[in-house]
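here is a sequence together with a model predicted from it:
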There are 2 protein chains.
Amino acid sequence: MQRQKRTTIYDIALKLNLAASSVSRALSNSNKVNAATKALVLKTAAEMNYQHNAMASNLRKGNNPTIGVVVPRINQFFFSNIIAGIEEVTYKKGYNLIICQSNELHAREVDCVNALVNQHVSCIIISIAAENGPYEHLQQVLDHQIRLIQFDRVVEELDTFKVINNNEKASYEAVTHLIEQGYRRIALLEGPQQLDIFRQRKEGYLAALRKHNIPVLEELMCENAWTKELGAEATAQLLGLENPPDAIFASTSDFSALGVLEVATNKGIQIPKDLGICGYSNEPFTELTSPSITTIDQYSISMGKTIANLYFQEMEGLEFNVEPKIVSIKPKVIVRKSTQRISDVNTTA
Amino acid sequence: MQRQKRTTIYDIALKLNLAASSVSRALSNSNKVNAATKALVLKTAAEMNYQHNAMASNLRKGNNPTIGVVVPRINQFFFSNIIAGIEEVTYKKGYNLIICQSNELHAREVDCVNALVNQHVSCIIISIAAENGPYEHLQQVLDHQIRLIQFDRVVEELDTFKVINNNEKASYEAVTHLIEQGYRRIALLEGPQQLDIFRQRKEGYLAALRKHNIPVLEELMCENAWTKELGAEATAQLLGLENPPDAIFASTSDFSALGVLEVATNKGIQIPKDLGICGYSNEPFTELTSPSITTIDQYSISMGKTIANLYFQEMEGLEFNVEPKIVSIKPKVIVRKSTQRISDVNTTA
DNA sequence: TTTTGTTTTGCAATCGATTGCCCTATTTTT
DNA sequence: AAAAATAGGGCAATCGATTGCAAAACAAAA
């Protein structure tokens, strides 16, 4: 079978003995074409199986109603929710969504961003990879007059729109909650410190301790414990201390909290009695473990919607040099069994 | 600030006193241009902050190296894994990925497919929405010479490439496992029967019962119990029977299995001793519940890769009328505690 | 030196839709 | 009835990159 050519407006024009321009106007429902002609064109187009060519149209109109999204991992709950939220909004606006994942690699992130710039997308939404690297590629985006919105993991120095979580505050509240539950030797599992979000979470932890006059102990802070395995390792080490912690705040993720839970349970440690555990992200599994894990919800779907709305409300069609806005979302501590050793606290799970 | 125009090959040509065609050739690394010229063009392009315009290029070349994916929900673990798997492959091939979600709605699915056809994508990968509806939109895709790969939830009658799970076999094996564990009154939670996958799973269930001469009882089969809530409802009903089941196979999803687990646990029923529970999909949480839930793994990431590879190996650039292939993946039963009441079985979790 | 062959470059059409401008009917106004 | 306004439609340029063909430049061979 010969790959037959698609029907174009010229084919329709030829068949109806019209000019292509009239066909175009009819199809775009312009009022500069007679109602009868319009109907005829529409009918014929349907008969001829015509499909509008978005590439040609976008080229001529000089805009591409598409938004590119770059995330570290598509299949991470937080990010897939963000994407779902964004899609919800962009779909209604008739925009397309191009999705890329950096796999936490800087080089790959650069590749993805360049591909999106080549596509002349209207906007790029990005949460940067954990791997360090220069951010010229992001500056490039701006230089090419493409809108840029950073979310969650952002490059602070870059003057762009940002949608972030108030990590410090959330962290502060989580640790405060632990203190209120009577925990005093609270350990911290930290994420890669080149990412702002993890530095902020550490800040919140420190602030809460200081506020309650609890000494900050170096031995209770574990760097780079942001996977289940690393969390488990760190826990084994912490629990082996002469003076072990009575609570562990896995500020990196619920996965590392899971590692904590497994190691502690295997050692026969009572949770929450002897050890409190708090995670971060409100992964679905946190309410299913036994005991369920106290964590921090980031409202990911609604955050996705917020991001997309930011584009449509503040940027679409407007001048380029609007003052970048920073939207900060306050995450919420979800108290569950893994930290509840005082009975009069309201249960959320 | 005036929205300044982007640099084009004409700008470069003008500056270097060359023809645009030469610039184009230099940029595409054609061997029909002098090495020195090529270097000069590349250098100048970089200086002028030139970015290739994919829209123009695709229009001229008549192809768009982009694949569209339509799934019911982006943030469902199975689907986000499929997407991650597809992305892994398409990224390496320099293809873009446009993602849409139908939200299980037929009308929205049609919209998404049309948008992708307008984009003249090279291939559409789809898992159809639960909501019934005609599938002319899929036929349209084929009529427009766009490749179509269906996966997981497919329209059987449509002669396209398909990547499916052998649901019947998986289901058969799961039920056989239950029987081997000594369960005899095995209930089935069914999904919407307009979807093939759920019909197939029911078939597997029936086949296993027949094979072992176990009577098939209408009262043990619950229609449309495919969410956690509906699963819980069905379970309450089943356990209220005069002669309740000793096992429940939630063939719809792990979420409904979770509903089963909660209701049974609340009633003080011993699992797996008094009731066996088996889910479907191997959601991450299934190994975290107590007891952990036996389920069926669908190898979602690798399935995504398989789908993408199918396009590149069998379809890209080839004639349109190649014989559609159907790839069937055999899912694997993951035996966990919720069904293990005989000790000599190998543990997977 | 002339002829032939090979590089290198330019010209111009093309992909398909859009749109400013102009022209011709037709209708409305005076 | 003449003038003005409006509706409907056509022409042709345009968006930016690609590519077949032709021309020019240069090198090699006779």
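Now that the structure is in, tell me what you want to look at.

which residues does residue A:95 contact?
Residues near residue A:95 by Cβ atoms under 8 Å, 6 or more residues apart in numbering or on different chains: A:65-67, A:122. Yep, even glycine has a C-beta here, placed from its N, CA and C like the rest.

can you pick out the most distant pair from those residues?
Pairwise distances across the contacts of residue A:95 (Cβ to Cβ) peak at 8.3 Å, for the pair A:65 and A:67.

of these two, which one has the most company?
residue A:67 (27 against 17; other Cβ atoms under 10 Å in any protein chain shown).

A strand includes that one, no?
Yes - under DSSP: H, G, I helix; E, B strand; the rest coil, residue A:67 sits within a strand.

from residue A:75, how far off is it?
Distance, residue A:67 to residue A:75, using Cβ to Cβ, to the nearest Å: 20 Å.

got it, and residue A:69?
The value you get for residue A:69 to residue A:75, if Cβ to Cβ is used, is 14 Å.

who's more crowded, the two?
Between residue A:69 and residue A:75, residue A:69 has the larger neighbour count (other Cβ under 10 Å), namely 30 against 23.

next, the residue nearest to residue A:215 when sequence neighbours are not counted: phi, psi?
The spatial neighbour of residue A:215 that comes closest, neighbours along the chain excluded (Cβ to Cβ, 6 or more residues apart in numbering or on different chains), is residue A:209 at 7.5 Å. Note on residue A:209: backbone dihedrals following degrees, to the nearest 10 are phi -60, psi -50.

and chain A, what are its domains?
Chain A breaks down into these domains under automatic domain parsing: A:9-52, A:64-165+A:300-329, A:167-298+A:333-339.

make TSV from those and add distance to residue B:227 and mean pLDDT to it.
Listed next are these as TSV, based on distance: least, Cβ to Cβ, whole Å; pLDDT from 0 to 100:
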stretch	distance to residue B:227	mean pLDDT
domain A:9-52	37	94
domain A:64-165+A:300-329	17	93
domain A:167-298+A:333-339	14	94
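
which residues touch whatever residue of the stretch 151-300 of chain A ends up closest to DNA strand D?
Relative to DNA strand D, the nearest point of the stretch 151-300 of chain A is residue A:160 (23.9 Å; Cβ to the nearest atom of the strand). Residue A:160 sits next to A:138, A:142, A:148-150, A:324 when contact means Cβ under 8 Å, 6+ apart.

out of the residues you listed, list just those in strands.
Residues of those located in strands (DSSP state E): A:148-150.

and the residues you listed near chain B, which?
Restricting the ones in strands among the contacts of residue A:160 to those touching chain B (Cβ under 8 Å from any Cβ of the partner chain) yields no residues.

by neighbour count, which of these wins?
That'd be residue A:149 among the ones in strands among the contacts of residue A:160, by other Cβ under 10 Å, with 27 neighbours.

of the ones in strands among the contacts of residue A:160, closest to residue B:156?
residue A:149 (42.3 Å).

the closest one reaches residue A:158, doesn't it?
No - using Cβ atoms under 8 Å, residue A:149 makes no contact with residue A:158, being 11.2 Å away.

nearest to chain B: which residue in the stretch 101-250 of chain A?
Residue of the stretch 101-250 of chain A nearest chain B, by Cβ to the nearest Cβ: residue A:118 (4.4 Å).

what count of nearby residues applies to the nearest residue to that residue once chain neighbours are set aside?
Leaving out its chain neighbours, the residue that sits closest to residue A:118 by Cβ to Cβ, 6+ apart is residue B:54, at 4.4 Å. The number of residues packed around residue B:54, counting by other Cβ under 10 Å, is 22.
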